[in-house]
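J.: requesting a structural model of the entry that follows:
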Amino acid sequence: MADNISIDKAEKECYIASFKNIVTKIKIAQVRWGESIGGPERILRDLAVYLNRERFDMRFFSLACGGPYQAEIRQMGYPLSVIPARSGYDLSVRLALWRRLRDFGPDLVHEHGLPPFVRPVIKWATRAPLLSFDHGQIKINRHKGKFWLNWLNGFEYRLLSELVVVNSDANKKLVTKAYRLAPAKVQTIRLGLDLESFQYVSSTMPAVNAPQMILGYVGRIQNYDKGTDLLPKLVQELERHGLADLELRIVGDGPDLCSVKKLTYEKGVADRIEFLGRRQDVPELMAGMDILLVPSRTEAFGLVAIEALALGTRVVAFAVDGLCEVLAGCPGAYLVPPGDIRAMAKTVMDVWRRHGKRRAIKAQRYVTEHYDARQMTREVEMLYQKVLNRTMP
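T.: Okay, the predicted model is just below:
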């Protein structure tokens, strides 16, 4: 009888402990200024897929718009609040965010590239530790003449953020210096891919026997940072060297679409370039490219290059910022001096002559070993716990 009582008691204690684990999940608020597509959106989507839901209760707050993964995140069962905004300085957005964060009561807030004066609202509403992910806006703000915005972001990071997360050591060096942060306050977590989806696309793509070389560009059509104005010049340079049987497919949209289209006519290469706009089948399109071009003038990480390599598509990129770090040592990736169109054209021709349409199998293996979203998510989880342990009374 006594044994039965002790067993019942043990079972009860186990049940109570498991119940406590359920009701005491760590509550995480993910706050992002909504954009069409980009690295932050991919990170949030991958966290939604791989974060440990037994330990974390995660909710998403998107300012301005819901972003490309809004429906997918909701289908996974996560609450996602979209707060419309007239501009980045809309007071009503801040008030609405304050109310919704107060209702949720998060243990930690993870923000991704917010406008000024949103972080103080978050701290006021939650009193919770704030983790800031800086995705590489410093050089873009400088180009736009918004030096004051860099100063203000740095001030808010120093005053309000427990840690600032960056996606490469190159970005860490820049962020630490520009925002005048202590190195210990900046943590590097490299991005990853949902490899299963990329491996599936790669394994189901049919072999292409056409002799024509298919070049590609995927991303925002934005000249000052993505270097899309250099693409028509590159095609012109390739034709000048006798490589005429080619097509460049540009996937994406952005503020400089019209100017890039105009350049294609000015350079006489309009018949070689196809603008595909925003697409839902980007992995399939990238898998059909022989070489992906990354002509960026600045790039904190360069996730699109990793995506292409995961599909066996070779990459030729300018050696800027995080791209040097991310692509160094990766088979199938080729770095050329920044802004040097002739060097990029020569490298493209060399790669085409050497490999043709053969896929970069070693590159796929390299990406699988180094850029798995599950590993990125485990590092984020450990960082959440580290910040909470450090701030708990």
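
J.: the stretch 201-350 of the chain: strands as residue ranges?
T.: For the stretch 201-350 of the chain, the strands defined by DSSP state E, counting those that start in this stretch cover 213-218, 246-251, 273-277, 291-294, 314-318, 333-336.

J.: mean pLDDT and distance to Trp151 for those - can I get that in CSV?
T.: From N, CA and C alone the C-beta is placed, and that goes for glycine too. Output for the strands of the stretch 201-350 of the chain, formatted as CSV (pLDDT from 0 to 100; distance: least, Cβ to Cβ, whole Å):
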stretch, mean pLDDT, distance to Trp151
strand 213-218, 96, 33
strand 246-251, 96, 35
strand 273-277, 95, 37
strand 291-294, 98, 30
strand 314-318, 98, 28
strand 333-336, 97, 32
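
J.: and the ones you listed as a markdown table, adding mean neighbour count and distance to Val164?
T.: Output for these, formatted as a markdown table (neighbours: other Cβ atoms under 10 Å; distance: least, Cβ to Cβ, whole Å):
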| stretch | mean neighbour count | distance to Val164 |
| --- | --- | --- |
| strand 213-218 | 23 | 28 |
| strand 246-251 | 20 | 31 |
| strand 273-277 | 15 | 35 |
| strand 291-294 | 25 | 25 |
| strand 314-318 | 26 | 26 |
| strand 333-336 | 20 | 27 |
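
J.: which stretch among those strands comes nearest Val118?
T.: strand 213-218 (29.7 Å; Cβ to Cβ).

J.: I'd guessed Trp98 sits against Lys123; true?
T.: No: if you go by Cβ atoms under 8 Å, Trp98 and Lys123 don't touch, sitting 10.5 Å apart.

J.: how about the strands of the stretch 201-350 of the chain in TSV, adding distance to Lys386?
T.: Formatted as TSV, the strands of the stretch 201-350 of the chain follow (distance: least, Cβ to Cβ, whole Å):
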stretch	distance to Lys386
strand 213-218	34
strand 246-251	38
strand 273-277	42
strand 291-294	33
strand 314-318	33
strand 333-336	32
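
J.: out of these, nearest to Ser132?
T.: Closest to Ser132 of the strands of the stretch 201-350 of the chain is strand 291-294 (Cβ to Cβ; 26.2 Å).

J.: which strands or helices does that closest one pack on?
T.: The helices and strands touching strand 291-294, judged by 3 or more Cβ pairs under 8 Å, 6 or more residues apart in numbering; DSSP states H and E, are strand 213-218, helix 303-310, strand 314-318, helix 341-355.

J.: what mean pLDDT does the helix or strand that the longest one is followed by have?
T.: Right, helix 341-355. Per DSSP states H and E, the first helix or strand lying C-terminal to helix 341-355 is helix 361-370. Mean pLDDT, helix 361-370: 93.

J.: could you check the angle strand 314-318 makes with helix 361-370?
T.: Angle between the axes of helix 361-370 and strand 314-318 is 70 degrees (criterion: axes from the mean of the first three to the mean of the last three Cα atoms, to 10 degrees).

J.: what angle separates helix 361-370 from helix 303-310?
T.: 120 degrees.

J.: quick check: mean pLDDT of the next helix or strand after helix 361-370?
T.: Next in sequence after helix 361-370, counting helices and strands by DSSP H and E, comes helix 373-391. Average pLDDT, helix 373-391: 94.

J.: now find how far off-centre helix 373-391 is within its chain.
T.: Put simply, helix 373-391 sits 18 Å off its chain's centre (Cα atoms, centre = their mean, to the nearest Å).

J.: ok, now stretch 39-59?
T.: With Cα atoms, centre = their mean, you get 13 Å for stretch 39-59.

J.: just stretch 239-259 next, same as before
T.: Here stretch 239-259 is found 24 Å from its chain centre; the criterion is Cα atoms, centre = their mean.

J.: just the buried positions in that stretch, please.
T.: Neighbour counts over stretch 239-259 (16 or more other Cβ atoms under 10 Å) mark Glu239, Leu243, Leu246, Glu247, Leu248, Arg249, Ile250, Val251, Gly252, Asp253, Asp256, Leu257 as buried.
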